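**Q** Here is the input, now give the coordinates:
(one chain, ligands or ions: 2)
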Amino acid sequence: MITPRQAIAELLKRKQLKEQTNYKYYPLYQNTSRYLVLKGGGGSGKSIFAGQKILKRITGEKGHRILVVRKVAKTNRESTFQQIKSQVNELYNYELFKFNETDMKITYKPNKNEIIFVGLDDVEKLKSIHNITSIWIEEASEIAEGDYRQLDIRLRGKTNYYKQIIFSFNPVSITHWLKSEFFDKKKEDTTTLHSTYKDNRFLDDEQIKVLESFADTDPYYYQVYCCGEWGVLGKTIFDAEKVSNRIIQLRNVKPVKVGYFEYKYTNQEIDKKSIEFIEDTNGFITIYEDVKKYNPYVIGGDTAGEGSDWFSGQVINNNTGKQAAVLHIDVDEDLYARQMYCLGTYYNDALISLEANYSTYPIKELLRLKYHRQYMREQEDTVTGNIKKSFGFMTTKVTRPIIIANLVKIVRESTHLFSDIKTLEEMLTFIRNENGRAEAQEGKHDDLIMGIAIAYYSREQQSYLIEVPPEEKPKYSIFDDDKEDIEGGFFD
Ligand SMILES: Nc1ncnc2c1ncn2[C@@H]1O[C@H](COP(=O)(O)OP(=O)(O)O)[C@@H](O)[C@H]1O
Ligand SMILES: [Mg+2]
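**A** Numbering: from 1, shown residues only. Ligands and ions are numbered 1, 2, ... in the order given. Prediction:
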């Protein structure tokens, strides 16, 4: 039983904690994910929060030995150790803590909980610490993936309370392992948070000025330290600055909906009328612009090859050129084909243009399901000279550079057409290799890029116009408002 007095004390404590914490971080005190990944620009409050959470835990839960790790012991002493000491001083009763300067260890006397600070360069010390109950990796972008895996292994075994690794870091490079590990795919038991100086109400004006000044002086610094977005170094094929700026713009834009299609499948057929979009935040289809009546759409698709790429589907509003929806899925071919069937049906029987290189199965499956609005390619028979028509888009030595160059031009001239951050991020890791071939950097993917490149290229086989049946035409055009959005027809 809790007495009214205790209840009030508890309430006051909570109120105080809220006042001491940035709003974006406050809910994370409750967060018990194994991986709590704090990515952000400089001065966004990551380190302070990590310290706050650790202190809250060691003073509130029993049986803790929490490790605070940085690449180098010396810098750990100057940063996290100093920081947590002054946080104790500010927020807690200093007398209740014991500080061991030589060993860089803080003990909370009432329950003997410990925070141990260690550098990855202090291998002996690291090895000697056992029964770790949680970890904070400060400036995690400095440490190697292998070191993270080792630490992850160290955090096993039974503990009274949840085990958590907090990562705090600036997103120094879009090719960093932290991105592949925690951001490219949904990792189980993981929470990620993006923050910038704007989320830190305690930051002083001087620091804000410095961060904002990067806009004029250094685009890379601006990207990483002011905006907290993955940094891009080196040569990309797409205009990295425009792509990066578009990502920043989109960061606060919510999609219309996320989910997947459900449908009745009987007698080997999809019942068109039964197709229904089910909203689910774990879904693999993201809709940025919902279907508009009579509007023509094109869907480009990249099928998974022998590599580890996923299947993609990119929906383009063929009237405006805008990216309307994205399907991105790691499944077998027939499920992909059926979801594409539904997506096409949903978007006014869109023209579907699927890459035919690796497998023609999804194309055939669409046909078998009686989906007939597919892109058609023409090929001359080298023997007879006859023109042969086939469904699907063939990526060849000739067509590949053409569709990529076309996409590069669209990105440069009309970056606002793109709505999907993942697609844009792929553009930032799409480079020219030593042989001059445009391709995804090692370990990165290009299925979203190829999907949208095929979609844009296939536009000419679909109408550009919104064709309203005469009987439904209003006196004044309802589309007058949309005029600004209209991009000329086909880009080439
Ligand atoms: N909860 C807070 N209370 C008071 N000051 C804060 C708080 N969070 C951040 N600050 C101030 O903002 C500065 C930057 O925060 P910090 O956590 O170091 O940012 P980051 O680790 O994201 O670079 C700190 O030095 C501190 O002065
Ligand atoms: Mg920090």
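
**Q** can we go C-alpha only for contacts and neighbour counts from here?
**A** OK.

**Q** Next one, pLDDT for the single nearest residue of the stretch 251-400 of the chain relative to ligand 1 please.
**A** In the stretch 251-400 of the chain, the residue found nearest to ligand 1 is Arg251; the distance is 17.9 Å by C-alpha to the nearest ligand atom. Per-residue confidence (pLDDT) for Arg251: 90.

**Q** need the contact list for the residue lying closest to it once chain neighbours are set aside.
**A** In space, Arg251 comes closest to Ile421 once its chain neighbours are excluded; the distance is 7.8 Å by C-alpha to C-alpha, 6 or more residues apart in numbering. Residues in contact with Ile421 (C-alpha atoms under 8 Å, 6 or more residues apart in numbering) are 247, 250-251.

**Q** next one: Ile404
**A** 450, 453.

**Q** Leaving out chain neighbours, which residue sits closest to Tyr263?
**A** With C-alpha to C-alpha, 6+ apart as the criterion, Tyr263 has its nearest non-adjacent residue at 4.5 Å, and that residue is Ile275.

**Q** Can you get me a residue count around the one you found?
**A** Neighbourhood size, Ile275 [other C-alpha atoms under 10 Å]: 19.

**Q** try the one 4 residues further on
**A** Using other C-alpha under 10 Å as the criterion, Glu279 is surrounded by 14 other residues.

**Q** Can you tell me which of the contacts of Ile421 are buried?
**A** The neighbour count (16 or more other C-alpha atoms under 10 Å) marks 247, 250 as buried among the contacts of Ile421.

**Q** Of the contacts of Ile421, which is the nearest to Ile174?
**A** Set against Ile174, the nearest of these by C-alpha to C-alpha is Ile247 (12.7 Å).

**Q** Please settle this for me: is the closest one part of a helix?
**A** Yes: remark: Ile247 belongs to a helix, assigned using DSSP: H, G, I helix; E, B strand; the rest coil.

**Q** what's it in contact with, if anything?
**A** 421, 424-425.

**Q** If we use 10 Å, what do you get?
**A** Ile247 is in contact with 229-230, 241, 253, 415, 418-425, counting by C-alpha atoms under 10 Å, 6 or more residues apart in numbering.

**Q** ok, it to ligand 1 distance?
**A** As judged by C-alpha to the nearest ligand atom, to the nearest Å, Ile247 and ligand 1 stand 20 Å apart.

**Q** for Ile237, same thing?
**A** The gap separating Ile237 from ligand 1 is 31 Å, by C-alpha to the nearest ligand atom.

**Q** Skipping its backbone neighbours, what lies nearest that residue in space?
**A** Here the residue nearest Ile237, using C-alpha to C-alpha, 6+ apart, is Ile431, at 5.3 Å.

**Q** got it, and Glu289?
**A** Nearest one to Glu289, counting by C-alpha to C-alpha, 6+ apart, is Ala324 at 4.6 Å.

**Q** Equivalent analysis for Thr236, please.
**A** Ile431 is the one closest to Thr236 (C-alpha to C-alpha, 6+ apart), at 4.5 Å.

**Q** per-residue pLDDT, Lys475?
**A** What the model reports as pLDDT for Lys475 is 64.
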